[in-house]
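Q: Got a predicted model here, sequence first, then my questions.
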Amino acid sequence: MTEDENLNHGDSRRGSLPEGPATGSIPTPGSIPASSPGGDWRADRIGSAHRGEKPTVLRRLGQGFAVIGDRQFLPGYAVLLTDDPSVTRLSDLPRARRAAYLADMERLAEAVERACRRLDPAFLRVNIEILGNTDPYLHAHIWPRYAWEPTDRVRRPVWLYGEEYWRGSRYELDERHDGLRVAIGEELDRLGTG
């Protein structure tokens, strides 16, 4: 396996994440073209999730969509997207829906934690963030953190990672991550609705 094919990106300290095709109703990134009949799913992430055209959707939850992140330099990165694009911040939701969204966020975070802990012995914790500084809709970032991260980054926000982690093909979500997608989806199913 070449370094680019290896989910561990050449770091022997990382655990071995499962490989192989996704199963069940989880679409794979290559199964839906970027330009589907509804347009580029990246330009309408919530609408494409509602239409079943967003290949990164892991599961539909009560108040949104659990999706695996487009960038996987920290394997298992996931996002909880609101199901309503007009909701721009948590306080836009009535209290009952706000509590339900936060419960979905906690469920996704626990699913990521369980899957990553099982698949990589260097897993440390998850970081959860609701920022809203770039995308104009409510979403929560779930970042797994690992002991193999550089010492100067592991205790700091992920946003301090260099440009090479956010661009280019090396850390792009692809079929290398199918086993991880399945594992997070299975954990979401095990956790149920609470």
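A: That came in fine, so what should we check first? Keep in mind that what you see is a predicted model, and the values were worked out from it rather than measured.

Q: drop to CA atoms for contacts and neighbour counts, all remaining ones
A: Will do.

Q: Could you tell me how far stretch 147-166 lies from the centre of the chain?
A: Put simply, stretch 147-166 sits 17 Å off its chain's centre (C-alpha atoms, centre = their mean, to the nearest Å).

Q: Can you point out the buried residues in that stretch?
A: Taking 16 or more other C-alpha atoms under 10 Å as the basis for neighbour counts, the residues of stretch 147-166 that come out buried are 147, 149, 165, 166.

Q: Now name the helix or strand holding the closest residue in space to residue 79 that isn't next to it in sequence.
A: For residue 79, ignoring the flanking residues on the chain, the nearest one in space by C-alpha to C-alpha, 6 or more residues apart in numbering is residue 141 at 4.7 Å. Residue 141 is located in strand 139-146, with elements delineated by DSSP states H and E.

Q: Rounded mean pLDDT for that strand, please.
A: Averaging pLDDT along strand 139-146 yields 98.

Q: can I get the CA coordinates of that strand in CSV?
A: Once non-C-alpha atoms are left out, strand 139-146 reads as follows in CSV (Å, rounded to 0.1, in the frame of the first residue of the first chain):
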residue,chain,number,x,y,z
HIS,A,139,-23.4,23.4,12.0
ALA,A,140,-21.2,21.7,14.6
HIS,A,141,-17.7,20.4,14.0
ILE,A,142,-16.6,17.1,15.7
TRP,A,143,-12.8,16.8,15.6
PRO,A,144,-11.1,13.6,16.8
ARG,A,145,-7.7,14.2,18.3
TYR,A,146,-4.8,11.8,18.4
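
Q: mind listing what the residue most central in space within the chain touches?
A: Central residue of the chain (C-alpha atoms, centre = their mean): residue 78, 1.6 Å from the mean position. For residue 78, the contact set (C-alpha atoms under 8 Å, 6 or more residues apart in numbering) comprises 66, 67, 68, 69, 108, 112, 141, 142, 143.

Q: What does it show for phi and psi?
A: For residue 78, the backbone dihedrals are phi -140, psi 170 (criterion: degrees, to the nearest 10).

Q: residues contacting the nearest residue to it once chain neighbours are set aside?
A: Spatial nearest neighbour of residue 78, chain neighbours left out: residue 68 (4.3 Å); criterion: C-alpha to C-alpha, 6+ apart. Counting by C-alpha under 8 Å, 6+ apart, residue 68 touches 56, 57, 58, 76, 77, 78, 79, 181.

Q: now swap in residue 140 and tell me
A: Applying C-alpha under 8 Å, 6+ apart as the definition, the contact partners of residue 140 turn out to be 79, 80, 81, 105, 128, 129, 130, 131.
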